[in-house]
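1. test case, fold it:
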Amino acid sequence: MNQTRSKDTFYSGWAMEAYPDMDEHAMAHHITRQIENGANFIWIGHNNPGEVDAEKIEPGLSYAVWEALSNQKDPRHQDACRIVEAQKRLLDSLLQLNIPTVLPIGYQIQMGEVWNENNPDSLRRHPDGSIIDWGGVSACFYSPKYREDILRYYNWIAETFVEKYRSILLLVNLSDEPFGGDYSGYAEKAFQEQSGISFEKAWKNGPESLRQLGRFQSRYIVEYARWSAEAWHSVCPDIPSTMSFCGHHGREENTMPSVPGVFRDTPDYFQPTFDVYPRDGSQSTPVLESDLVMLTLLLRQLSYLSRKHERPYWLWTTGNSWGLGQASDDRANITDAVVNQIMAVSSAMENGGLLRGFAIWNYNIKCQGLYNDNIETIYDTEDMFHKLTRVIGRLRDFAGREARVAPRLAIVAERTFGEKYIAKSKSATWVKAFPFDKMIYPSKSNFSLLMDDGLSEILAFCQKADIPFPNYLIYLSSGEGEIEEKEKEALFKYLSGPHHALLPEKLWINLQGDSTVSADISLYDGEPNELASEKIAALFGQKSDSPGGLFHLTLDHLEIAYNLTKESRKLAFLSNNNGKKVSILNPFADMRGHLSEWRQSSEVLILDHHEVAFATEGNPGDLRGLVSALDPGTPKK
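-> Residues are numbered from 1 along each chain as shown. Have a look, this model is predicted:
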């Protein structure tokens, strides 16, 4: 089972928990079956929340575990010993089998309840002074005490784990799901050093001060990632680091942290990770079309930002009830999970993103994993395991292929507007400034797109990459206030060409007077969140969401149509239907129909809810290989 790999190896596998009640034989068994079915690495589970409890749902490494391990008199000491030994057993099995892995060592910025009690001035806080508690209390990373202690912890990780397991470590995951801002005393001190004013004065001093405050909060986690990556690099320069950012915040907010900032303002040896489940939340909530609309934007944005900044990145996909709503009234199924894996790879290929790999969340996590779930699922767990693991193995065949196409759409979630919006909200998280859920037509229609926080950023990328400017522009802003000079120049440069743009009316008023503007311009009034999906569709000369209401994807030679409408729909692809080789999978990812040739004049195909169709005019081997990985059998009732 020993594997050979290079720095260019693409990785796909499962995330897996190291539970203290699993012995070395159990560890080796579960690793082996994953690898034999198609995985080529394991992503170890993290410690959520960052406390010390060997019996909890997600035990793993964190500062609090090390703290308790170091003190035999600590009542948490035995639990810490059990957690650390479980991590070592899993790593020993991986090392013996030479299976690469990612090692998580922290959750959010959590230091544990003992540290919190001893350092109350070093905790993140809301504007009213109350302690922020999102799944646990976090520290302020600007605190000198935090920085001193986390550096000591990083040194212990390097000595205890990296020294022995260096040969199989792909990354160290410094934190999972850090998000939001901070109004603590140490945060305010850092803000004053940058701006010269306090938080209170920023709220009172006018638009520019508001923007400074919003920028500080939007960049808070970006700066945390930057500082942490530099600190880890100073301790262990040969193992790159990551943080696994919350894709729920990424797709709905995009601003706390700033997703462009995560790629733009962190060191080269930091490789971002985002979870990209169909949805991220309670199993009682179904996967909705709006979830997929926002997810497609985020995935394409990550690919674009990766290529722009030449930054490798990683993803978490879904294979359990958390991302598939198994306690909801519309349970997603194996096919929905298969589409999620395909989206991860196809979005990277579209913009030439440097996707290094992805891990399916999660193999064995208690209460929600593929195994150990406490919810009755619509799918058989073994069926899900075998099909998804084989599919992710086949998807590695597509990794490294470049399917770059000229971008059709630029979406600007304008930085100045977003920063002011954050400050005005007086909120430390959940600030939704932009209507990403309204992008139904471009999302479903598989528009290749570039999404950033400034048009000047997008045009500079196009010029450097020697690609044409996108045909369409959606500019999300209120249009109020002064426009940055470089942004104004970018707007005039874009609007002087044969393009189509949807702009805020106030922005257009500020721009009028230049005779070089020749683009077809549509206007909207008010703030971006008031923008209707119909107005966006109209930019493209359309009234409906997409052909047949289906989501459309491409994977090299394959065209893919996916139905999440809750209704049966006629199958339609974006390009000519005639002569295509078509395969349709039912919700259980079993073959329900296969046509060697589809001629629209004589055959109308129907795609049901949670079904997917694959079609190709070229390279039928890709179609056969991907579909055969699902081992089609008798459709389940």
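
2. now Ala28, nearest residue through space, not along the chain?
-> If the residues on either side of it in the chain are set aside, Ala28 comes closest to Ser93, at 4.6 Å by C-beta to C-beta, 6 or more residues apart in numbering. Placement of C-beta: from N, CA and C, glycine included.

3. contact partners of whichever strand or helix holds the one you found?
-> Secondary structure assignment for Ser93, by DSSP states H and E: helix 77-97. For helix 77-97, contacts defined as C-beta atoms under 8 Å, 6 or more residues apart in numbering pick out 1-2, 16, 18-20, 22-24, 27-28, 31-32, 35, 42, 44, 47, 52-55, 59-61, 65-69, 71, 74, 100-101, 103, 161, 164-165, 167-168.

4. out of these, which end up buried?
-> 16, 18-20, 22, 27-28, 31, 35, 42, 44, 47, 52-54, 59-61, 65-69, 74, 100-101, 103, 161, 165, 168 (16 or more other C-beta atoms under 10 Å).

5. which ones among these map onto strands?
-> Met16, Ile42, Ile44, Thr101, Leu103 (DSSP state E).

6. how far away is Val162 from Ile44?
-> Separation of Val162 from Ile44 (C-beta to C-beta, to the nearest Å): 14 Å.

7. cool, and Val412?
-> Separation of Val412 from Ile44 (C-beta to C-beta): 38 Å.

8. got it, and Ile606?
-> 43 Å.

9. got the buried residues for the helix holding Ser93?
-> 77, 79-84, 86-91, 93-95, 97.

10. ok, stretch 325-343 next?
-> Residues of stretch 325-343 classed as buried by neighbour count (16+ other C-beta under 10 Å): 325-328, 331-343.

11. so how far is it from its chain's centroid?
-> 17 Å (C-alpha atoms, centre = their mean, to the nearest Å).

12. point out where the stretch 301-450 of the chain drops to low pLDDT.
-> Residue ranges of the stretch 301-450 of the chain with pLDDT under 70: 402-404.

13. any idea where the helices of it begin and end?
-> 321-324, 334-351, 381-395, 415-425, 440-444 (DSSP state H, counting those that start in this stretch).

14. same question for the stretch 501-637 of the chain.
-> Using DSSP H, counting those that start in this stretch, helices in the stretch 501-637 of the chain cover 505-511, 533-539, 620-628.

15. and the spatially most central residue of the chain, which of the three is it?
-> In the chain, the C-alpha nearest the mean C-alpha coordinate belongs to Phe274, at 3.0 Å (C-alpha atoms, centre = their mean). Applying DSSP: H, G, I helix; E, B strand; the rest coil to Phe274 yields a three-state assignment of strand.

16. measure it to Pro257 for me?
-> 11 Å.

17. what do those two both touch?
-> Phe245.

18. quick one, domains of this protein?
-> 11-118+131-181+221-395, 409-539, 547-628 (automatic domain parsing).

19. to Pro207, which of those domains lies closest?
-> The closest of the domains of the chain to Pro207 is domain 409-539. By C-beta to C-beta, the value is 5.5 Å.

20. circling back to that earlier point, could you dump the helices of the stretch 301-450 of the chain to JSON lines with distance to Tyr142?
-> Shown next, in JSON lines, are the helices of the stretch 301-450 of the chain (distance: least, C-beta to C-beta, whole Å):
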{"stretch": "helix 321-324", "distance to Tyr142": "32"}
{"stretch": "helix 334-351", "distance to Tyr142": "34"}
{"stretch": "helix 381-395", "distance to Tyr142": "40"}
{"stretch": "helix 415-425", "distance to Tyr142": "18"}
{"stretch": "helix 440-444", "distance to Tyr142": "38"}
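
21. nearest to Tyr313, of these?
-> So among the helices of the stretch 301-450 of the chain, helix 334-351 is nearest, using C-beta to C-beta, at 8.4 Å.

22. elements contacting that closest one?
-> helix 289-309, strand 313-318, helix 321-324, strand 355-361, helix 381-395, strand 551-555, strand 558-562, strand 612-616 (3 or more C-beta pairs under 8 Å, 6 or more residues apart in numbering; DSSP states H and E).

23. need those in TSV with distance to Phe469 and mean neighbour count, can you?
-> Shown next, in TSV, are the helices and strands packed on helix 334-351 (distance: least, C-beta to C-beta, whole Å; neighbours: other C-beta atoms under 10 Å):
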stretch	distance to Phe469	mean neighbour count
helix 289-309	14	24
strand 313-318	25	25
helix 321-324	35	26
strand 355-361	25	27
helix 381-395	31	21
strand 551-555	22	22
strand 558-562	26	23
strand 612-616	30	23
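
24. can I get these in JSON lines including distance to Glu527?
-> JSON lines is the format used below for the helices and strands packed on helix 334-351 (distance: least, C-beta to C-beta, whole Å):
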{"stretch": "helix 289-309", "distance to Glu527": "18"}
{"stretch": "strand 313-318", "distance to Glu527": "31"}
{"stretch": "helix 321-324", "distance to Glu527": "31"}
{"stretch": "strand 355-361", "distance to Glu527": "34"}
{"stretch": "helix 381-395", "distance to Glu527": "40"}
{"stretch": "strand 551-555", "distance to Glu527": "28"}
{"stretch": "strand 558-562", "distance to Glu527": "32"}
{"stretch": "strand 612-616", "distance to Glu527": "36"}
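
25. out of these, nearest to Glu505?
-> Of the helices and strands packed on helix 334-351, nearest to Glu505 by C-beta to C-beta is helix 289-309, at 23.7 Å.

26. that closest one: how far from the chain's middle?
-> Its chain's C-alpha centre lies 8 Å from the corresponding centre of helix 289-309 when counted by C-alpha atoms, centre = their mean.

27. stretch 428-448 now?
-> On C-alpha atoms, centre = their mean, the centre of stretch 428-448 falls 14 Å from the chain's centre.

28. how about the CA coordinates for that stretch, as CSV?
-> Provided in CSV are the C-alpha atoms of stretch 428-448 (Å, rounded to 0.1, in the frame of the first residue of the first chain):
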residue,chain,number,x,y,z
ALA,A,428,-18.8,41.1,15.0
THR,A,429,-20.2,38.6,12.5
TRP,A,430,-23.0,37.6,10.2
VAL,A,431,-22.9,40.8,8.2
LYS,A,432,-24.4,40.1,4.9
ALA,A,433,-23.8,43.1,2.6
PHE,A,434,-24.2,41.4,-0.8
PRO,A,435,-27.0,39.5,-2.5
PHE,A,436,-25.0,36.4,-3.6
ASP,A,437,-28.2,34.3,-3.4
LYS,A,438,-29.7,36.4,-6.2
MET,A,439,-27.1,35.4,-8.8
ILE,A,440,-29.4,32.5,-10.0
TYR,A,441,-29.1,32.9,-13.7
PRO,A,442,-25.3,33.2,-14.0
SER,A,443,-24.8,30.5,-11.4
LYS,A,444,-27.1,27.9,-12.9
SER,A,445,-25.9,28.7,-16.4
ASN,A,446,-22.3,27.9,-15.7
PHE,A,447,-21.0,31.3,-16.4
SER,A,448,-17.2,31.4,-16.1
